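Chemist: Okay, sequence plus prediction incoming.
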Amino acid sequence: PKLRLRRTLAGGAVIQAFNMKDLKRSARDTLVMSIATFVLTVLLVMYIADFLLPIDPLTALLIGMILGGTSSAVVVPLIRILRVSDRTSTILLLESALTDVLSVVLTLGLIRGLQSGQGISAGVMLGDVSASFLVAALIGGGGAFIWSAILPKIRQIPNTVFTTIAYVLILFGLTEIWGYSGAI
């Protein structure tokens with residue numbers, strides 16, 4: 001079976017079909033490639049920033065984490081222009097999405113650790129990131145289930161075009177109020 005996802009690009013609306021078999025086969029390769037490229041990019045940018053700028057190593061690490069992700073805004077149009085194979089397209093799309101999430105979550109975790117003044121601990125940061133992913137999955141999954149039940153009724157009301165965006169922003173706000181990452 002095929003899973004259809006709607007994406008909007010600069011050239012207009014595009015339907016991207018993902019074959020579930022390609023998605024399953026690509027998952028391991030994507031995870032390995034995403035983590036490896038993210039870690040290498042973070043370390044390289046950290047080294048360059050530490051060498052060229054008069055900053056401490058933690059600030060250089062922060063710069064590396066901010067710049068460590070391969071941006072979906074760049075990858076998606078490139079895939080469309082280059083017309084790569086379905087498997088390659090799937091891997092690159094998932095990799096760019098995963099590194100974007102890693103970049104945001106780890107950057108926010110590092111900033112929170114720096115702001116707390118308690119220092120940075122890899123275990124604490126890993127626990128914070130894991131908790132953020134778990135809570136985001138629970139809130140996102142539960143929110144999606146609730147919204148899928150309500151949406152048919154809401155569509156019957158006129159002028160409700162932006163209700164889905166409003167609902168997502170409410171979930172974002174609640175997640176942030178509870179102390180977790182709404183961005184995830």
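Modeler: All right, it came through fine.
Chemist: list the buried ones in stretch 29-38?
Modeler: The neighbour-count check on stretch 29-38 (16 or more other Cβ atoms under 10 Å) flags 30, 33-34, 37-38 as buried. Quick note: C-beta positions are derived from backbone N, CA and C, even for glycine.
Chemist: What of stretch 80-88?
Modeler: For stretch 80-88, burial by neighbour count (16+ other Cβ under 10 Å) applies to R80.
Chemist: circling back to that earlier point, which of the buried residues of stretch 29-38 lies closest to S96?
Modeler: Nearest to S96 among these is S34, at 8.5 Å by Cβ to Cβ.
Chemist: Test my guess that that closest one contacts L102.
Modeler: Yes: S34 is in contact with L102 according to Cβ atoms under 8 Å; the separation is 7.2 Å.
Chemist: Tell me where the chain has strands.
Modeler: With DSSP state E as the criterion, the chain has strands at 2-9, 12-19.
Chemist: Give me the local confidence score for the residue nearest the centre of the chain.
Modeler: Residue closest to the average C-alpha location in the chain (Cα atoms, centre = their mean): V101, at 2.6 Å. With respect to pLDDT, V101 scores 81.
Chemist: Next, the contact list for the closest residue to it other than its chain neighbours, please.
Modeler: Closest residue in space to V101, ignoring its immediate chain neighbours: I184 at 6.3 Å, by Cβ to Cβ, 6 or more residues apart in numbering. Residues in contact with I184, defined by Cβ atoms under 8 Å, 6 or more residues apart in numbering, are 101, 104-105, 132-133, 136, 140, 175.
Chemist: go on, L67?
Modeler: 41-42, 45, 103.
Chemist: distance of it from I81?
Modeler: 23 Å (Cβ to Cβ, to the nearest Å).
Chemist: repeat for Y167
Modeler: Note on Y167: its distance to I81, by Cβ to Cβ, is 34 Å.
Chemist: Over to R28?
Modeler: 27 Å.
Chemist: Next: L58.
Modeler: 38 Å.
Chemist: With L110 instead?
Modeler: L110 is 34 Å from I81, where distance means Cβ to Cβ.
Chemist: Where does pLDDT dip in this protein?
Modeler: When residues are selected by pLDDT under 70, those of the chain lie in 1-23, 116-122.
Chemist: residue ranges of the helices in it, please?
Modeler: For the chain, the helices defined by DSSP state H cover 20-52, 57-67, 72-82, 86-116, 122-154, 163-177.
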